[in-house]
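*Asks:* Just need the structure, nothing else, for what follows:
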Amino acid sequence: MQKLSDRIIPKQKNKMQQTLEENLTRIQENKENFAIWGAGATGQGILSFIREFSQDKLEPEYVIDNNSSLWGTGNIISPKQFCERMKDIANVFVCVYVADQVVAQLKEYGYQGKIIPASMSVLGCEDRVLLYEENMEKVEEVYELFADEQSRDTIAAFMNVGRSGDTSYWDKVNGPSEEKLLDTGVLSYGKTEHFIDVGAFTGDTIEKFIQLCGGNYASILGIEADQRNFSVLQEKCNSLTNVNALNAAVCECSGVKHFCDGNSESSYLCEGGTTEVKAVKIDDLKEAEGVSLIKISTNGFEMDVLRGAAKTIKNKKPKLSYYCSREELWRIPLFLKSLVPEYKFYVRHYGIGMQALIGYAVIEE
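*Replies:* Numbers count the residues shown, from 1 in each chain. I've put the predicted structure just below:
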């Protein structure tokens, strides 16, 4: 097997940054207007980049987001509202990591302006590249542990996008972003699945899960810490059969945690957070008694969730999906392997951002 380090290209000037600066120069020179699609951390980061590049001379007409809990906040509008105004907007910066979905959405609307995908995780990935270089021995260990060649190809592409800003490396490895965390190329679904969705956001993954299993499942629990997101999630869950919602953060220990909320899908646990949220551990949940699938999306706290689910994982051996674009790339598989030696590990990537790297652990029959 070829080593990962032998597949990595030399560092290059960031291609996405070059493209973004060229478009901003054009917009300034032609006095064109623009909108940003994405109100989360990536959208906020790109807006800061635009302001700095233009010396605060460029501001978006609107910020568009699919998250209904944000509509009407500042200049954030819904996709429907954008449709009514899009003929007057010359450029849209797509600032979500599953940019392919939004690009398809814009084309479906018949948008005729310039579409510019942009991700802060690609623009500012130097620290991530350095992290992997400093821990290459552990990365190589997990690289050899992966169960298929696509996983190894994905990690090679991941490293090369980080070193070049060239997202074309994703073209040969990317999975369908609408199936992120639920990829049917890795996961199979029975008719009696008990699904726990950790970091359920507004219920988008739950809706996709129900679609993928043909509406045949035993139970679903969606857990979301952000109150705005939770209000949308709860309303959605109330309209579904055997689907419940819990407003909490999932951690290693139960109690109360501080939380930085109001950031759409980018809300996260933070000691300096001004919001308090109930913390629970999966091992203490009654829903964990029959769990067969756990999805984890917690903005860097995935290991905390897993440590609080160690007993459940050892006893139930559920299918697992989780974000793993930093230390989690090696920490999570090695931790899970210590709990359940028979787990097989896969990794897939979706969209354009560096953060959309998803790990899977499954028991193969």
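*Asks:* where along the stretch 251-365 of the chain do the helices fall?
*Replies:* Ranges of helices in the stretch 251-365 of the chain, per DSSP state H, counting those that start in this stretch, are 302-307, 310-316, 328-339.
*Asks:* Go through those and name the closest to residue 156.
*Replies:* Taking C-beta to C-beta, helix 328-339 is the member of those nearest to residue 156, at 12.9 Å. (Each C-beta comes from the backbone N, C-alpha and C, glycine too.)
*Asks:* Using PDB, write out every CA atom in the closest one.
*Replies:* Output of helix 328-339 as PDB, limited to C-alpha atoms (Å, rounded to 0.1, in the frame of the first residue of the first chain):
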ATOM      1  CA  GLU A 328     -10.900  13.400  15.400                       C
ATOM      2  CA  LEU A 329      -9.600  11.800  12.200                       C
ATOM      3  CA  TRP A 330      -7.400   9.500  14.200                       C
ATOM      4  CA  ARG A 331      -8.700   9.900  17.800                       C
ATOM      5  CA  ILE A 332     -12.200   8.600  17.100                       C
ATOM      6  CA  PRO A 333     -11.300   5.400  15.100                       C
ATOM      7  CA  LEU A 334      -8.600   4.500  17.600                       C
ATOM      8  CA  PHE A 335     -11.000   5.100  20.500                       C
ATOM      9  CA  LEU A 336     -13.800   3.100  18.900                       C
ATOM     10  CA  LYS A 337     -11.400   0.300  18.000                       C
ATOM     11  CA  SER A 338     -10.500   0.000  21.700                       C
ATOM     12  CA  LEU A 339     -14.200  -0.400  22.500                       C
END
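*Asks:* for the closest residue to residue 166 other than its chain neighbours, what are its contacts?
*Replies:* Leaving aside its sequence neighbours, residue 166 sits nearest to residue 15 (C-beta to C-beta, 6 or more residues apart in numbering; 4.4 Å). By C-beta atoms under 8 Å, 6 or more residues apart in numbering, the contact list for residue 15 reads 164, 165, 166, 167.
*Asks:* I'd say the first one and residue 12 touch.
*Replies:* Spelled out, that is residue 164. Yes - using C-beta atoms under 8 Å, residue 164 is in contact with residue 12, at 4.4 Å.
*Asks:* between these two, who's got more neighbours?
*Replies:* residue 164 (20 against 11; other C-beta atoms under 10 Å).
*Asks:* Would you quantify the distance from the more buried one to residue 345?
*Replies:* 26 Å (C-beta to C-beta, to the nearest Å).
*Asks:* returning to that earlier point: now tabulate the helices of the stretch 251-365 of the chain in JSON lines and tack on mean neighbour count.
*Replies:* Listed next are those as JSON lines, based on neighbours: other C-beta atoms under 10 Å:
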{"stretch": "helix 302-307", "mean neighbour count": "21"}
{"stretch": "helix 310-316", "mean neighbour count": "17"}
{"stretch": "helix 328-339", "mean neighbour count": "18"}
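*Asks:* Nearest to residue 135, out of these?
*Replies:* helix 328-339 (7.0 Å).
*Asks:* looking just at contacts, which helices and strands does the closest one meet?
*Replies:* helix 136-145, helix 302-307, helix 310-316, strand 319-323, strand 344-349, strand 357-362 (3 or more C-beta pairs under 8 Å, 6 or more residues apart in numbering; DSSP states H and E).
*Asks:* who wins for proximity to residue 290 among these?
*Replies:* Using C-beta to C-beta, the nearest of the helices and strands packed on helix 328-339 to residue 290 is helix 310-316, at 7.7 Å.
*Asks:* which residues touch that closest one?
*Replies:* 282, 283, 288, 290, 291, 292, 306, 318, 320, 336, 339, 340.
*Asks:* Out of the contacts of residue 15, the closest to residue 226 would be?
*Replies:* Using C-beta to C-beta, these come closest to residue 226 at residue 167, 28.4 Å.
*Asks:* I figured the closest one hits residue 16, correct?
*Replies:* Yes - Residue 167 is in contact with residue 16 according to C-beta under 8 Å; the separation is 6.6 Å.
*Asks:* count of neighbours near residue 174?
*Replies:* 18.
*Asks:* Look up how far residue 98 lies from the closest residue to it other than its chain neighbours.
*Replies:* Excluding its sequence neighbours, the residue lying closest to residue 174 (C-beta to C-beta, 6+ apart) is residue 349, at 5.6 Å. For residue 349, the distance to residue 98 equals 11 Å [C-beta to C-beta].
*Asks:* Many thanks, I have nothing further to ask.
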